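# Would you be able to build a 3D model of this:
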Amino acid sequence: MFEKIIADYQHDLRRELGHILDWWEEHIFNHEHGGLYGSIDHKNKPNPDAPLGLVMCSQLLWSFSAGPPILEDHSKLVCAKNLYTQLVNNFLDQEYGGAYWTIAPDGSPLNPRKQTAGLAAAIYGLSEYGWISVSNEPLKEAAELFRWIENHLYDAVRGGYLEACAPDGATLTDMRLTAKDRNDPKTAQTHLRLLEAYTNLYRYQPDAQLAGQLRQLIQLFFDHIINPLSGHLTLHFDTGWAPQSDSISYGLDIEAARALLDAAEALGDGPLRVRCRENLVIMATAAAQGLDETDGGLWYSNQVSEKYWWAQAEAMCGFLHAWGISGEAHFLEKSLACWRFVQKQLLDRKQGEWFFGIDAKQHLLAGYEKAGMEKGPLHQARACMEIMRLG
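Numbers count the residues shown, from 1 in each chain. All right, here's what the predicted structure looks like:
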């Protein structure tokens, strides 16, 4: 019975992965100026004046490096080559090292500060491209970013990593990107991005120092970030790991559960793998508290009544992993229900891609883009690929 369900699920997501890459290939490249559009609205209209973010460019590089081999469509690797050129030529800081947070449409630095999550995204994309590239340069560049993070953003006294630093690596007292952001020096989300990035780099270029830091990251989650009583992530910390909020992100919960297991498997550590498998089921159970039984979607948090595209993608993948580990069929149904929610509420069947999200009344969120600083193709493309590999 389950074999047919999984086969149909994988068939749907193989097709969806093709649609995702097709949409981004068609819409994100600014052929007139030889670059990328920094923003595309919910009606597929590009904004040629929008800044281009490091995260979106890096997510595109990862998606167009990882996706084409799975789809056996190597023509799309041309996109990966173009994205790699964009990232290296325009985002990498040749003076101080690291990578700029944003660039202007003409390719010049716009916000040159070094944001840890952005550097992690670049490592993630470069390491994936390095695997399919005939050149060793992408992996070297990813390794250089790893060393830059370790030299400038690693807290050798208290453990973990700071959110950001100045362009030259100097310490910042205000780490906010905008006035509306929190000014927390350490967050679960940034450590999750580093965990994923370091795992991907280690997978393709094993290194003793990298292995050590990856193990430390896993241990930080168990020591500080995962609440042992609730199974949820604590999201915000001061430099000494004192919690600074009681907010919960159900999407980050389920994403972290999967990422921890990925890291343990990349390290080849049997006992750690067992612990992370057990933890995945615990965290998936906690994340399931954020599911809306009326439509199957996953709420963003315990404080925001909205459902975002990325959280549904992570839930689809994470709950399927939980089913595979535990054998509990309700996890499979949760994964499928999230996919049905995406199909009904978020897929733009007329113009392609996934909308950003909906509110509590099932209205599309106003003012959010299909592509931009906050939205790339990573989560939805990765969920398709991960589920295609399972079963």
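
# What residues does the residue nearest to Asn90 when sequence neighbours are not counted make contact with?
Of all residues not flanking Asn90 in the chain, Gly107 sits nearest, at 4.3 Å (Cβ to Cβ, 6 or more residues apart in numbering). Glycine gets a C-beta too; all of them are placed from N, C-alpha and C. For Gly107, the contacting residues are 35, 89-90, by Cβ atoms under 8 Å, 6 or more residues apart in numbering.

# Show the backbone phi and psi for Gly107.
Dihedral pair for Gly107: phi 90, psi 0, per degrees, to the nearest 10.

# for the helix or strand hosting Val55, what is the average pLDDT?
Per DSSP states H and E: Val55 is located in helix 54-71. Throughout helix 54-71, pLDDT has a mean value of 97.

# Can you check what angle separates the helix or strand following it from helix 54-71?
Later in the chain than helix 54-71, the nearest helix or strand by DSSP H and E is helix 77-86. Calculated by axes from the mean of the first three to the mean of the last three Cα atoms, to 10 degrees, helix 77-86 forms an angle of 160 degrees with helix 54-71.

# Would you mark the buried spots in helix 77-86?
For helix 77-86, the neighbour count (16 or more other Cβ atoms under 10 Å) marks 77, 79-80, 82-84, 86 as buried.

# Equivalent analysis for stretch 356-364, please.
Result for stretch 356-364 [16+ other Cβ under 10 Å]: buried residues 356-358.

# now swap in stretch 210-230 and tell me
Buried, per 16+ other Cβ under 10 Å, within stretch 210-230: 210-211, 213-215, 217-218, 220-221, 224-226.

# Run through who's touching it.
By Cβ under 8 Å, 6+ apart, the list of residues contacting stretch 210-230 from outside reads 143, 146, 150, 154, 159-160, 188, 191, 194-195, 198-199, 201-202, 232-234, 237, 241, 256, 260, 263-264, 266-267, 269, 272, 275-276, 279, 283, 286.

# likewise stretch 283-299?
226, 230-232, 248, 250-251, 253-254, 256-257, 301-302, 305-307, 311-312, 315, 318-319, 321-322, 331, 334, 337-338, 340-341, 344-345, 358, 362.

# So which residues of this structure form helices?
Counting by DSSP state H, the chain has helices at residues 2-27, 54-71, 77-86, 116-132, 137-152, 188-204, 208-220, 250-267, 270-287, 309-326, 329-341, 378-389.

# which helices and strands does the fourth one pack with?
Contacts defined by 3 or more Cβ pairs under 8 Å, 6 or more residues apart in numbering; DSSP states H and E place helix 116-132 against helix 54-71, helix 77-86, helix 137-152, helix 188-204.

# Let me know the average pLDDT across that helix.
pLDDT averaged over helix 116-132 gives 97.

# Could you give the separation of it from the chain centroid?
11 Å (Cα atoms, centre = their mean, to the nearest Å).

# Repeat that for the second one.
For helix 54-71, the separation from the chain centroid amounts to 11 Å (computed by Cα atoms, centre = their mean).

# And that helix, what does it pack against?
helix 2-27, helix 77-86, helix 116-132, helix 378-389.

# rerun at 10 Å
helix 2-27, strand 35-36, helix 77-86, strand 102-103, strand 114-115, helix 116-132, helix 188-204, helix 378-389 (3 or more Cβ pairs under 10 Å, 6 or more residues apart in numbering; DSSP states H and E).

# could you check the angle helix 116-132 makes with it?
30 degrees.

# Quick check: buried residues in helix 54-71?
54-68, 71.

# For Thr116, which of the helices and strands packed on helix 116-132 is the nearest?
Thr116 sits nearest to helix 188-204 of all those, at 5.0 Å, using Cβ to Cβ.

# for that closest one, the distance to its chain's centre please.
That offset, for helix 188-204, works out to 9 Å (Cα atoms, centre = their mean).

# Just the CA trace of it, in CSV.
The C-alpha coordinates for helix 188-204 follow below in CSV (Å, rounded to 0.1, in the frame of the first residue of the first chain):
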residue,chain,number,x,y,z
ALA,A,188,18.9,29.3,16.1
GLN,A,189,18.2,30.1,12.4
THR,A,190,21.8,31.2,11.7
HIS,A,191,23.2,28.2,13.4
LEU,A,192,20.9,26.0,11.3
ARG,A,193,22.1,27.7,8.1
LEU,A,194,25.7,27.0,9.2
LEU,A,195,24.9,23.4,10.1
GLU,A,196,23.5,22.8,6.6
ALA,A,197,26.4,24.7,4.9
TYR,A,198,29.1,22.9,6.8
THR,A,199,27.5,19.5,6.2
ASN,A,200,27.3,20.1,2.4
LEU,A,201,30.9,21.3,2.3
TYR,A,202,32.1,18.3,4.4
ARG,A,203,30.2,16.0,2.1
TYR,A,204,32.2,17.1,-0.9
